[in-house]
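Peer 1: one predicted model, sequence on top.
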Amino acid sequence: MIKLLDNVLFLEDREKVQVVLEKVDIVEALGSILKEAKNTYCSLHNLHFVSEIEKLNVNSDTKMLKQIVNNLVSNAASYSPENSDINVTLKQEKDRFVICVEDYGTGIHSDVVDKIFTDFVRSAQVTNIPGSGLGLFITKRCVDYLNGSISFDTKIDEGTTFKVKLPINL
């Protein structure tokens, strides 16, 4: 319910979206976001965070970063069995930082792979899992606002890994 409310509020404001840049240590910020996500979305999963970076100051929009990470982690939890691992990694690639969210869940079915970032898209194979079909659409919009990219690898019944690349200095 919390995720749905966050998504609806984001969509309501999308016509007047402004990127608010601030300098933030991405390692600390991501750790804080994930600590909250553990209590909100992942209480039944093993959420792990590994950073290959000790400290990295970036200029980014923390509200959008939180939206991106929360949507990806929440989806990972929704589509993965209880007590399974969800791995979040952070690394730097030249002038970008990379956040990967990996789960060991259902994977993304072929009926939606090509349109997964479109609004209201849900696979016909996962009718038993609640959702609105807005999370990845909003995630992609946030990534675009931050001049980044998002990609994924998926295997049915093995899991999915999302990779978000964002500029260090926007």
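Peer 2: Everything's here; your move.

Peer 1: next SSE after the helix or strand hosting residue 76?
Peer 2: Using DSSP states H and E, the element containing residue 76 is helix 62-78. Next in sequence after helix 62-78, counting helices and strands by DSSP H and E, comes strand 85-93.

Peer 1: what's the nearest residue to the residue nearest the centre of the chain if we skip its chain neighbours?
Peer 2: The centroid of the chain falls nearest to residue 72 when counting by CA atoms, centre = their mean (2.7 Å). Nearest residue to residue 72 in three dimensions, chain neighbours excluded: residue 101, at 4.2 Å (CB to CB, 6 or more residues apart in numbering). Backbone N, C-alpha and C define where each C-beta goes, glycine included.

Peer 1: could you do residue 122 as well?
Peer 2: Counting by CB to CB, 6+ apart, residue 133 is the residue found nearest to residue 122 once chain neighbours are left out, at 4.4 Å.

Peer 1: so what's that neighbour up against?
Peer 2: Residue 133 makes contacts with 119-122, as judged by CB atoms under 8 Å, 6 or more residues apart in numbering.

Peer 1: 6 Å instead, please
Peer 2: Counting by CB atoms under 6 Å, 6 or more residues apart in numbering, residue 133 makes contact with 120-122.

Peer 1: same deal with residue 105?
Peer 2: So residue 105 contacts 79-80, 159 (CB under 6 Å, 6+ apart).

Peer 1: hmm, which of these are the buried ones?
Peer 2: 79-80, 159 (16 or more other CB atoms under 10 Å).

Peer 1: which element is the nearest residue to residue 93 once chain neighbours are set aside on?
Peer 2: Excluding its sequence neighbours, the residue lying closest to residue 93 (CB to CB, 6+ apart) is residue 165, at 7.0 Å. Here residue 165 sits within strand 159-167, counting by DSSP H and E.
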